[in-house]
Structures are given as structure tokens and as C-alpha cells.
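Q: With the input below, show me the fold.
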Amino acid sequence: MPTRPAKPISRAVAAALTAGAAGAAAFMGARAYRAGAGARVGEGGDDGDAQFAGAEHAQPAADRLSELIGYRTVFSQARDRIELDQFTGFIDALQRMYPAVHKQLDRQLVNGHALLFKWAGRGPDPTAMPVVLMAHYDVVPVDSRDAWAHPPFSGHQEGGYVWGRGALDDKGSLVVIMSAVESLLNEGFAPSHDVYLSFGNNEETAGDSAAAAVKLLTKNGVRPWLVLDEGGAVATEAFPGLKAPAAVIGVAEKGVLDLELLVRAAGGHASTPPRMGATARLAQAIVALEESPFPASMPAAIVEMTRRIGVRSSFGLRLVTENMWAFKGLLTQIFGVLGDETRALTRTTVAVTMLEGSKATNVLASAARANANIRIAVGESVESAVEQVRTIIDDPMVQLTIQAGHDPSPASSFGNEQFALLTRSVAASYPEAVVTPYVQTGVTDSRYFTAICPAVYRFSPLLMDASDRASLHAVNERVRISSLGSGVVFYRELLLDLG
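A: Numbers count the residues shown, from 1 in each chain. Here you go, the predicted model:
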């Protein structure tokens, strides 16, 4: 999801228009006009300020979230650094806050501190179409040197926001799910089909709790009809020419690869450096990766995202997005120059995140290492990414070793009943939003669930502007209190619609 507005594209649109002959331009213009005139309800309402649903749910959810942010649920690969009492305290607090959920749903602890609730369906065949709603409650660490407006684990409420680590990622989502279920239980509602709530405790460290939950569901013969995890959001200030919020729902997520680049050399005294030593050769490889990006492409979900946004944008942009048969190649190139976020949607990206050389100021490095964190585009693989890196570097002295990695997830349909259900739920909670598929550039726990479900989606029903999104994993993370109420409405509508 883009985290800030893209640069204006009027010049790119103008260049695109010059490519067509007069007859083709007239045909394209007619398509664009019809698309704008025929925009359907549910594809985005009138432009303007967002209208929020669920005001009665907002403050209670905010108060619960404020308390839950107070638990420092930072997971770590080093088990002795984990404050286990914070995790158990969080779980105990949930039980106190949501008594109906804990009384009427079955709860299991998975892999230590992950949670799996089962809400048994009451229909004639409750196991036929089970649904899994996901979130995670672990959070990334806080750097004590950072200057937060409010203490990061205070859950402070001010200015219409709840502030603190985990407010957006991902305790806010957990709270709106639990609040929706609690309210429906108190109203006497029971779903026709089984509903599972899967809450992870180590998502931020790419841990194994979600895999353990999948293993448990598989053992019990559960094949979900729909899985919904965090991911996209209701984004404002994200797309040029679009004033309405965009509810971007991830239908797939990119793969991840950590690839070590290693160069070995003789080492020696720094007073007599050789030409092209280990560090220089490694630097050359890194520069090659920076200067030769992976080829760009536009997967079907991004094509559809562009079309749906274009329907609610200016006529000039709509002229391009309604005629992708002519402009797809050009638009793919435009995405590459608009900004970091749009570029990441259309290609495999490479970021060098760790460097290591000599251990002393006057000693030549006998080994120079770098880690390349690679986010693999849909349609590619770990194997193809490694080969592309090898080709770009073109130096047999640079050894490549896979440290960890997995392929992109399969793409779920955006033309099925599951996506239509999500669209209706957005319409109930954010009536003015444009609902669109997209490709998730980050990694979520939901990737494990693609092994048992063909309809896996990534969406958090929380409104975020550019500055809100920039606070994810950063200083001053915060969530809008009004958005928490709308998030509760989203999940209530989804569950009620299931029957």
C-alpha cells in the first residue's frame, strides 16, 4: 500500500495521449466517458471527507486498545529476551475485556502464546464454509532514543487518536475483531458456519505460530472458505487524482529472500591495499544491483486496481486506465518513477540491509559480506530471483547463499463471492471508499494459510492517511479512534452477511 501520495502524473498522461491516432483516441475517450458515467455504487461514493460508521463502537474499542498497548509484547528470536509475563498479561486482559467471547467460544493456546478461537456454527452444515479472521498481537521493538510524542506503550488518547506501538500493527485489528464478535454474541447472534479467530504472537519475527495454527486446523479437517488477515487498509492521499479513500485488499503477497553476498580475499595490512579487494568487489556488486533493477511487470491485481481508481479519478487518468490494452506498458514504466511504493508494486526489489568487513581499522578484510533483502514479485520465485542477482552482478568471486526465503503467495480471485463479501462489508463501514485488489508488498502470517485455502485476503478496515501509514514500525504509531468504530462495523457486517 503506498505510504504517501504519488507525484502528479499529468505529464505522463499527456504523453500517453499522443501515442494514439485520432480514431483510436476517440474510441478510448468513449470508453473512459462511459466508465466515469457508469461507476457503480460500492465502487466508491462521492468525493470528499470520509463519513464514519460505528460511532457507538469507537470509544469502547479505543479504551480497550489503550490498555492492550500497555503490554510490551515484543517477541524475539532470543527466547531469554522475551518478557513472557507481558504476553500472559495480554491474554488475561483479553479474557477480562471480552467475557462473552471467552464464555461461548472454544479457545486453544497454540505454540505457547498464540490464540485460536472457534465459534461453532449453528447451521445445518456448519463445517461447510468455515471462515478464519486473523490478527497478531506481537509488536516490533522501540528504540529508546526515538522521540515519541507520547510514551510508546502508554496507549495515550489525544487528538482523536490512540497512540502507541501496535496501534496499527496489529493490536488495532485484533480489538475490532474481538469487539465485533463480543457485540454480536451479546445480541444473541450465532453464525451459520464455523468461524475461527487466529491471533499470532510472533508474526513480526516471521515466527512459526501461524504455521502451527494451520497444522492444527488441517489435523481437524478444516478447509477454510475465506481467510482474512492484516495487510491493506482504507487509504487516503495514496493515489493521484483520487479524492475518495481507497480500500485496498491484498489478494497476494510478495515473496521474501535474504541472500548473502560474500567475497573472500587474502586480507593483510591496510598500508598495502590491493586493487579490487574484498570490500571493493562487494561494493561493486552492490552498486550493480542498485543500477540494474529487476524488470517491471504489472500483475492482474494491479491492472484492476488502476482501473478502479481511474473510474473515480480525472477524465485524463481514466482515459489511460480504461484502455490498458494500449497503455499498460507505459503505465508500468510510470509506476516505476512515481515513487518507492508504486515501484515496489511492479517489480522485485532489492535492499542491502547488512554489511560486514574488517574488524580493525588497519586490517584488510579477508571476507566481506552483505545481506540483500529481496521482495519477490508475483510470478517470480526464489530460484529465479537468485539467478537474476547472479546475472546482474556477473562476478564469480561473489558467492551467493540463501539464508532464508519463500516464494510469493498464490493470487486469490477478486471476482469471487469472498471478495464480493469483503466489498459489501467495506460499503457498510466506509460507504465512500473505492474497493480494489492489490498486491501486498510486506509479509503476513496469512501466507501459511494459502496451503489450505484458495481465498486468502489481506485487509485491515482502518482509515489511514499518509502520515498514519508512515508511523507503521516507526515513531508515533497511532490509529484514529473513529476508524476503530468503522472497523467493528466492517467485521459485524461480514459476520452477519455470512448468516
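
Q: helix or strand right after the least confident helix or strand in the chain by mean pLDDT?
A: Lowest on mean pLDDT, DSSP states H and E among the helices and strands of the chain sits helix 22-37, with a mean of 46. Downstream of helix 22-37, the next assigned helix or strand under DSSP states H and E is helix 55-69.

Q: Report the angle between the longest helix along the chain and helix 55-69.
A: Counting by DSSP state H, the longest helix found in the chain is helix 481-498. Angle, helix 481-498 to helix 55-69, by axes from the mean of the first three to the mean of the last three Cα atoms, to 10 degrees: 110 degrees.

Q: Check which helices and strands helix 481-498 sits against.
A: If you count contacts as 3 or more Cβ pairs under 8 Å, 6 or more residues apart in numbering; DSSP states H and E, helix 481-498 packs onto helix 55-69, strand 161-163, helix 171-186, strand 226-235, helix 417-429, strand 456-464. C-beta here means a position set from N, CA and C on the backbone, and glycine is covered the same way.

Q: Could you find the closest non-adjacent residue to the residue most central in space within the chain?
A: For the chain, the residue nearest the mean C-alpha position is Gly231 (3.0 Å; Cα atoms, centre = their mean). Of all residues not flanking Gly231 in the chain, Arg458 sits nearest, at 2.3 Å (Cβ to Cβ, 6 or more residues apart in numbering).

Q: That neighbour contacts Glu253, correct?
A: Yes: here Arg458 reaches Glu253: they are 6.4 Å apart, a contact under Cβ atoms under 8 Å.

Q: The closest residue to Ala451 other than its chain neighbours: what's it in contact with?
A: Nearest non-adjacent residue to Ala451, counting by Cβ to Cβ, 6+ apart: Val214, 6.4 Å away. Each residue near Val214 by Cβ atoms under 8 Å, 6 or more residues apart in numbering is listed here: 448-449, 451-452.

Q: higher neighbour count, Arg458 and Glu253?
A: Set Arg458 next to Glu253 and count neighbours by other Cβ atoms under 10 Å: Arg458 wins out with 29 against 26.

Q: Just the element for Asp258, please.
A: Element membership for Asp258, per DSSP H and E: strand 255-264.

Q: What residues sit buried inside that strand?
A: For strand 255-264, burial by neighbour count (16 or more other Cβ atoms under 10 Å) applies to 255-257, 259, 261-263.

Q: Measure how far that strand is from the centre of its chain, please.
A: Centroid separation for strand 255-264 versus its chain: 24 Å, with Cα atoms, centre = their mean, to the nearest Å.

Q: and it, C-alpha only, in CSV?
A: Extracted in CSV, the C-alpha atoms of strand 255-264 (Å, rounded to 0.1, in the frame of the first residue of the first chain):
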residue,chain,number,x,y,z
GLY,A,255,7.9,-13.4,-1.5
VAL,A,256,10.9,-12.7,0.6
LEU,A,257,14.5,-13.8,0.2
ASP,A,258,17.5,-13.0,2.4
LEU,A,259,20.6,-13.6,0.2
GLU,A,260,24.1,-13.4,1.5
LEU,A,261,26.7,-11.8,-0.8
LEU,A,262,30.2,-13.0,0.2
VAL,A,263,33.6,-12.1,-1.2
ARG,A,264,36.8,-13.8,0.2
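
Q: Return the residues in contact with Leu217.
A: 116, 132, 196, 224, 452.

Q: Tell me which of the helices and strands packed on helix 481-498 lies nearest to Leu319.
A: Ranking the helices and strands packed on helix 481-498 by proximity to Leu319 (Cβ to Cβ) places strand 226-235 first, at 23.6 Å.

Q: Sheet partners, orientation included, of that closest one?
A: Neighbouring strands of strand 226-235 in its sheet, by DSSP bridges, are strand 131-136 (parallel), strand 246-253 (antiparallel), strand 456-464 (parallel).

Q: I'd like the ones you listed laid out as JSON lines, including distance to Ala285 and mean pLDDT.
A: Output for the strands paired with strand 226-235, formatted as JSON lines (distance: least, Cβ to Cβ, whole Å; pLDDT from 0 to 100):
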{"stretch": "strand 131-136", "distance to Ala285": "35", "mean pLDDT": "98"}
{"stretch": "strand 246-253", "distance to Ala285": "28", "mean pLDDT": "97"}
{"stretch": "strand 456-464", "distance to Ala285": "33", "mean pLDDT": "98"}
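
Q: quick one: which of those strands is nearest Pro299?
A: strand 246-253 (7.5 Å).

Q: Point out where the chain drops to low pLDDT.
A: Under the criterion pLDDT under 70, the flagged ranges of the chain are 1-51.

Q: go again using 80 as the cut-off
A: 1-52, 77-80, 240, 313-317 (pLDDT under 80).

Q: any idea how far the helix or strand hosting Phe199 is from the chain center?
A: Here Phe199 is covered by strand 195-200, with elements defined by DSSP H and E. Chain-centre distance of strand 195-200: 18 Å, with Cα atoms, centre = their mean.
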